[in-house]
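>>> Show me the folded form of this:
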Amino acid sequence: MFQRKNQLLSLFILFSFALFAQETPFISHFSRKDYQGLNQNWSLGQSSDGFIFSANSAGLLVADGQNWRKFELPKGQIIRSLSVSSQNRVFTGSVGTFGYWEKDKFGHFHYIDLSANNLDSLHLKEEFWHILEKNNDLYFQSFSVIYKWNNKKVSRITPPGNIMFLQKVGNKIVVPVIGKGLFLLNEENNTFSWIKNSEILQNETISFILQDKADWLIGTQLAGVFRYNGRVFTPWENPLNKVLKQKQLNKAIRLKDGSLALGTVLDGLFIMDLNGQLKLHLNKENGLQNNTILSLFEDKLQNLWVGLDKGIDLIHRSSPLSYYHDTKGVLGTVYTALMDGNLFYVGTNQGVFVKNKVDKKPFSFIEGTQGQVWQLLKQNNILLCGHNSGTFLFENGKPKLISNITGGWSFCEVPGKKNELLQSTYTGLALFTFQNNQWTFNKRLDGLNEPIRKILPAGDNYFWALHANNGLYKLKIEWSKGAIVSQVKLDKKDGLSDQTRLDIRFFRDTLLVHSRDMNYYFDETSQRFYPWKENSMEKGAIWLEAENEGFTYKNNQLKHWKNNEIKAIHPISMIPENEHIVNLNKEELFVGLEDGYALIPKNEYENTFLRNIIFSPLLSELKAQAKDGKQVELNWVNIGKTEGVEFPPSGYNLSVKFGFPSFESGVLFRFRLIGWQDNWSSWQVLRSLNWNNLSPGDYILEIQANVSPKILRVPIFVLPHWYQTVFFKVGMIFLSLSLLFFLFKSYLKSIEIRHQKQIKKKELELEQQVVKAKNEQLEADNLNKSRELANATFTLIHKNESLLSVKEELDIMKSESSSKLFDGHYKKLISILDNQLENEKDWQIFESNFNEVHDIFFKKLKHQFPDLTPGDLKLAAYLKMNLSSKEIAPLLNISIRGVENKRYRLRKKMNLEEDDNLTNFMIDY
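Numbering: from 1, shown residues only. Have a look, this model is predicted:
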């Protein structure tokens, strides 16, 4: 017993050493804040176009590489299982339900319940923990029942007992039954057959069953792993198996490269190669967010997704970089490294550490090297160390101080002097000489006592010297004097316009200088610096490996360039002011980090890039957003099958969310909206785009990721307002033409009307002239008639006056004559005179002439005053003619007094006031 415990303790120590000695892939962490769900992620899957799906306690999570979305079940249940079928359909299982998710035209997922009306009442509270696909049939498994869906109907399969996870092993479906062992499911008749000798597992909780060549590997939670060769079950003969028994195995999958990934409840992830050797162990101490692994999934890029009890981790196994995370601060900040055979040395701010890369033991500290290490160099087969305290060499792995000049920043070979090295230090330059197979300190060069960070040869005893605080100098050394005899400061006058954070290095015998925002090269002919324009690599720190290949570092991104294109982007944090890439050997580059280091295999870039090109960018959301915040979702899901996306009229902004399913944080995108901007944008870190107030018309949105040649194309048709439609424009043209025609007709009609008016006006004028002439003629006639009437009246008056005079004379003659004969003649004459004076014919003639002048006078007078007598009418007529009583008396053959009496009676009949003048009344009437 004691021996067994010692063996187990030894294994723990062994694997702990391996854990802290290993380099690990880059790991992306997704917390519940990132994906807006709950902590637990029970199952994972991926669609053919690259979307990642997670069965989360809050619902279905969907990720496109840059954006996460969440979709809940109708009752908000926890999703326990998930499977993406060969038909690209997402199936999930939960408590009392199983089904699949369908994407609508807006890209949202909606749940289709397959279990409705199919579950027995006993199973309504069952949780479906596992989904398995075989031959296009789906199996949904809870602890007590299996349901099978053949794309048409759901059927129930009753197992021989309570079961753990249903497993597909090779071409068989294996069912672990608690208390009984393993069974095979006969898919044709849904019956079960027991696997002989599996009773050894009847009391174990089975976590996984995987094919291992001809055998099976069967993982249990507490008893480790068993091997089944088709006849018997035996414990797996692997040193790791004893450790796994203590870790509570929970999940395992076979990776595409043949490796075995084992997830535990207590100690994270173990990855083993085909030979059963441990390749990688990850837990919370060296990279994972949590030690409890609930699910494992390898995506199409061979990256490993880990569903945790707290979050989701993505292990970038396809990335060429591997990392050493110094989570406990043992190494400190790593500045430099050196490979000497199998020995791997690193220089940090705490000293020099070394490990053997073959036996995978952890780093060990080299005593005597405490403090800041600036450089490790192997020269003439001797390891040198530039240190804060001076310069060391190593003999038999032990340090020996050979110079106490502090701050050995960097060594430089002296051209033409193979056995001499210059070193830049805190206080100038130091010279070292190789003699008697040993490096020794020679002297400090006179003429300069300032901090020099780096020194490079410039030819003919000249050297480029990078001052720690004051830019770049060109120094001349006279070796015979052992002194610096010339110092020239290089600045703007020499072409170095930017002197912030300078660094210097050679590329093919050309001096390159990079500053914070610019790269320069030195031209020997003109003895000036010029901007580096021989390739399109961006500004910032630069390391060139070949003519058209190199690295740049800026904003915590290390970019690998080849042929002016970005081949890879690595999100790392190099040491500010000390960004270095060290060429370890033919296979690897070394990058020092603040909390460890990274190793870059030189031959992996192209392969990584080619693996990524199976995808194009993924569209997650396409919306039209109004200025008031109102959003209109657009139908974009079937853009490959229809003509394009219809966008509402102007006034809305186009909002797009997208990603690329490599899930690399450094993926860059470029875009263009053909019809708006036909040229590609620059490469940028993006996850969404917006355009404001697009005019009506046809556009094509194109998005490309820098890690794939494939382009996402989305035709977009911005619809016009109703008043901008062709129908409306045609209608307006028709209406305008109709209006013009109407106006033209109206104009013609107005001309015709005006012409008719002119004619009528002329006719009226002519008629008026005729009427006027007639009126004038009538007036003239009336005037003549009035004159004639007056003349006739006055003639009549004169006649009557004459007759009255004759009558008076006759009366006188009668009175003076006594003759009877005269009396007879007198009477006869008087009778004749009276007849003439009272001749009605005279009155009729007068009345006729009067009516011609005053045609309605009598009618009006009779109508208004019906009591008037003919005598009254005569008097009225004479008064109308403005005749006086004296003139009227002869006409009436009465006296003036008689006329006055008649006038009185007439006034009375007409009810005239005393003040009313009768003559004026008649004249005006």
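
>>> So Lys874 belongs to a helix, correct?
Yes. Using DSSP: H, G, I helix; E, B strand; the rest coil, the assignment for Lys874 is a helix.

>>> Okay, buried residues for stretch 676-688 please.
For stretch 676-688, the neighbour count (16 or more other Cβ atoms under 10 Å) marks Trp676, Trp683, Leu686, Arg687 as buried. In this view, the C-beta of every residue, glycine as well, is placed from N, C-alpha and C.

>>> Looking at that stretch now, give me its mean pLDDT.
Average pLDDT, stretch 676-688: 89.

>>> Next: stretch 770-783.
Stretch 770-783 comes out at a mean pLDDT of 73.

>>> now do stretch 858-868
Stretch 858-868 shows a mean pLDDT of 86.

>>> centre of the chain versus stretch 759-779, how much separation?
84 Å (Cα atoms, centre = their mean, to the nearest Å).

>>> Can you get me the start-to-end distance on stretch 307-319?
Start to finish, the residues bounding stretch 307-319 are 20 Å apart (Cα to Cα, to the nearest Å).

>>> begin at 761 from here
Right, with 761 as the first residue, what we last looked at is stretch 1067-1079.

>>> Give the bridge partners for Val844, please.
Val850 (DSSP bridges).

>>> who's in contact with it?
Gly805, Gln806, Ser807, Phe813, Val850, Phe851 (Cβ atoms under 8 Å, 6 or more residues apart in numbering).

>>> distance of the fifth one from Phe858?
Spatial separation of Val850 from Phe858 under the definition Cβ to Cβ, to the nearest Å is 12 Å.

>>> Looking at these two now, which is surrounded by more residues?
Phe858 (27 against 23; other Cβ atoms under 10 Å).

>>> my read is that one is in a strand, agree?
Yes. Under three-state DSSP, Phe858 falls within a strand.

>>> Do you know the pLDDT at Leu874?
Checking the pLDDT column for Leu874, the value is 93.

>>> Identify the bridge partners of the spatially closest residue to it that is not a sequence neighbour.
Spatially, and ignoring its direct neighbours in sequence, Leu874 is nearest to Gly859 (4.3 Å; Cβ to Cβ, 6 or more residues apart in numbering). Bridge pairing for Gly859 (DSSP bridges) gives the partners Thr852, Asp873.

>>> measure Gly859 to Ser843 for me?
12 Å.

>>> and what of Asp1258?
Distance from Asp1258 to Ser843, by Cβ to Cβ: 56 Å.

>>> what do you get for Pro785?
26 Å.

>>> Which stretches in the protein count as helices?
In the chain, the segments counted as helices under DSSP state H are 762-781, 792-795, 999-1004, 1365-1372, 1486-1576, 1580-1597, 1600-1613, 1617-1624, 1630-1640, 1645-1652, 1656-1669, 1678-1684.

>>> what stretches of the stretch 961-1110 of the chain score poorly on pLDDT?
Applying pLDDT under 70 to the stretch 961-1110 of the chain picks out no residues at all.

>>> Please identify the one among the contacts of Val844 that lies nearest to Ile1215.
Relative to Ile1215, the closest of the contacts of Val844 is Gln806; by Cβ to Cβ it sits at 52.6 Å.

>>> who touches the closest residue to Leu1144 other than its chain neighbours in this structure?
With Cβ to Cβ, 6+ apart as the criterion, Leu1144 has its nearest non-adjacent residue at 4.7 Å, and that residue is Leu1137. Contacts for Leu1137 (Cβ under 8 Å, 6+ apart) come out as Leu1098, Leu1143, Leu1144, Cys1145, Gly1146, Phe1171.
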